[in-house]
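**Q** here is my input; please provide its structure:
(one chain, ligands or ions: 1)
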Amino acid sequence: MTSIDVHELTKEFGTTRAVDNLTFSVRPGRVTGFLGPNGAGKSTTMRLVLGLDRPTGGTATIGGQLYATLGDPLRRVGALLDAQAAHGARTARNHLLALAVSNGLGARRVEEVLEEAGLGAVGGARIKTFSLGMRQRLGIAAALLGDPEVVMLDEPSNGLDPEGIIWIRELMKRLAREGRTVLVSSHLMNETSSFADHLVILGRGRLLADLPMQEFLDSRSRPRARVRTAESTRLRDVLIRKGYEPAQGDDGCWTIEGAKAGEIGAIAATEGIPVLELTDEQVTLEQAYLELTADSAEFASVSAPSANRQEA
Ligand SMILES: Nc1ncnc2c1ncn2[C@@H]1O[C@H](COP(=O)(O)OP(=O)(O)OP(=O)(O)O)[C@@H](O)[C@H]1O
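**A** Residues are numbered from 1 along each chain as shown. Coordinates of the predicted model:
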């Protein structure tokens, strides 16, 4: 099992401290979402892990080794950093073949990853004719080429159509189920909440959070229950008697701040009030993230985000 370990990592570009004394680990068997405002240092951290930049201080290792010292790097780590980097005059198949040959991988694997990425029919087309989403799929195919234990993807959903977004989500979940270490940066919070088990959140190069996603949401949510009944007046009266402050929305549902669905369900059952709908609500990842990073967003607009919530 191979972890990515970042230890007291710092990277300065002139006077800009892109990564600031960062320590965290990315563990196998789960998808870790890598979040942070523009310029927070996510791409720089990934580049440091891949040995593409030299740290000013600290270390970034894979399975305890520097990337540069890995024997069979493509079989150990697959990465998508910049989908535009592939040579436009090459066909997708030749691009992957060149990578495969230089890493001692067979041509059969190229066909497998082309199929897996949904590019089987366009393997013979030149990359310059590819849309952004197709280039993204090609970059992901290249990352999977060596069947690696560690997969790092920088904004993989970029340019993908809805079908592609579902594909990448399912792919990441499968890679984690297979016991691989999966680190994925994204600015799409709905997307991230659909695939990430764990979050590492940066702000201005520093670690803001490193915790399971559910824990992050719970830590930023007050309990809030939502209930619908045909006997609205009875339910309201009972809840007020019990000290709750139910508020009715335009859709007829009642929202009760500070209450769990279980408590409301038990009260309704005792009183014999039929319940048509009952859920716990929690903040969305987007809302929790925006609250956490509000002070560290370098390029923020002045308007405050709205408090969107979703049903748990
Ligand atoms: N090669 C470089 N030379 C100078 N500054 C750089 C270089 N690469 C990154 N930076 C700076 O380092 C900081 C972190 O950038 P980085 O691209 O790592 O952030 P990010 O979190 O990936 O941002 P985004 O979400 O916008 O992609 C930024 O201030 C950026 O301008």
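
**Q** quick one: residues contacting residue 81.
**A** Residue 81 sits next to 43, 46-47, 50, 52, 152, 154 when contact means Cβ atoms under 8 Å, 6 or more residues apart in numbering. Using the backbone N, CA and C atoms, a C-beta is placed for each residue, glycine as well.

**Q** cool, residue 21 as well?
**A** 8-10, 57-58, 206.

**Q** distance of it relative to the ligand?
**A** Computed as Cβ to the nearest ligand atom, to the nearest Å, the residue 21 to the ligand distance reads 14 Å.

**Q** ok now the top helix by length along the chain, how far from the chain's centre?
**A** The longest helix of the chain (DSSP state H) is helix 162-177. Distance of helix 162-177 from its chain centroid, counting by Cα atoms, centre = their mean, to the nearest Å, is 11 Å.

**Q** so which other helices or strands are in contact with that helix?
**A** Other helices and strands packing on helix 162-177, by 3 or more Cβ pairs under 8 Å, 6 or more residues apart in numbering; DSSP states H and E, are strand 30-35, helix 132-144, strand 150-154, strand 181-185, helix 189-195.

**Q** mind putting these into a markdown table with mean neighbour count and distance to the ligand?
**A** Listed next are the helices and strands packed on helix 162-177 as a markdown table, based on neighbours: other Cβ atoms under 10 Å; distance: least, Cβ to the nearest ligand atom, whole Å:
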| stretch | mean neighbour count | distance to the ligand |
| --- | --- | --- |
| strand 30-35 | 25 | 9 |
| helix 132-144 | 23 | 15 |
| strand 150-154 | 24 | 7 |
| strand 181-185 | 26 | 7 |
| helix 189-195 | 19 | 13 |
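
**Q** may I have the phi/psi pair for the closest residue to residue 1 other than its chain neighbours?
**A** Of all residues not flanking residue 1 in the chain, residue 28 sits nearest, at 4.5 Å (Cβ to Cβ, 6 or more residues apart in numbering). Main-chain torsions, residue 28, degrees, to the nearest 10: phi -70, psi 160.

**Q** residue 28: what's it in contact with?
**A** 1-3, 149, 179-181.

**Q** and with 10 Å instead?
**A** Taking Cβ atoms under 10 Å, 6 or more residues apart in numbering, we find residue 28 in contact with 1-4, 63, 149-150, 176, 178-182.

**Q** just residue 60 next, same as before
**A** Going by Cβ under 10 Å, 6+ apart, the list of residues near residue 60 reads 4-7, 9, 11, 19, 22, 45-51, 53, 66-67.

**Q** how near is residue 140 to residue 172?
**A** Residue 140 is 10 Å from residue 172, where distance means Cβ to Cβ, to the nearest Å.

**Q** list residues touching both of these two?
**A** What both residue 140 and residue 172 touch, as defined by Cβ under 10 Å, 6+ apart, is the set 151, 153, 156.

**Q** and those residues as JSON lines, adding pLDDT?
**A** Listed next are the shared contacts of residue 140 and residue 172 as JSON lines, based on pLDDT from 0 to 100:
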{"residue": "151", "pLDDT": "97"}
{"residue": "153", "pLDDT": "96"}
{"residue": "156", "pLDDT": "92"}
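
**Q** redo the helices and strands packed on helix 162-177 as a markdown table? Include distance to residue 256.
**A** What follows is the helices and strands packed on helix 162-177, written out as a markdown table (distance: least, Cβ to Cβ, whole Å):
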| stretch | distance to residue 256 |
| --- | --- |
| strand 30-35 | 31 |
| helix 132-144 | 43 |
| strand 150-154 | 40 |
| strand 181-185 | 36 |
| helix 189-195 | 24 |
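
**Q** which one of the ones you listed lies closest to residue 102?
**A** Among the helices and strands packed on helix 162-177, helix 132-144 comes nearest to residue 102, with 11.9 Å by Cβ to Cβ.

**Q** format the CA atom coordinates belonging to the closest one as PDB.
**A** These are the backbone C-alpha positions of helix 132-144, laid out as PDB (Å, rounded to 0.1, in the frame of the first residue of the first chain):
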ATOM      1  CA  LEU A 132     -10.800  19.800 -24.400                       C
ATOM      2  CA  GLY A 133     -12.900  16.900 -23.000                       C
ATOM      3  CA  MET A 134     -11.300  14.400 -25.300                       C
ATOM      4  CA  ARG A 135      -7.800  15.700 -24.400                       C
ATOM      5  CA  GLN A 136      -8.800  15.300 -20.800                       C
ATOM      6  CA  ARG A 137      -9.800  11.700 -21.400                       C
ATOM      7  CA  LEU A 138      -6.500  11.100 -23.200                       C
ATOM      8  CA  GLY A 139      -4.600  12.500 -20.200                       C
ATOM      9  CA  ILE A 140      -6.500  10.200 -17.900                       C
ATOM     10  CA  ALA A 141      -5.800   7.200 -20.200                       C
ATOM     11  CA  ALA A 142      -2.100   8.100 -20.000                       C
ATOM     12  CA  ALA A 143      -2.300   8.300 -16.200                       C
ATOM     13  CA  LEU A 144      -3.800   4.800 -16.100                       C
END
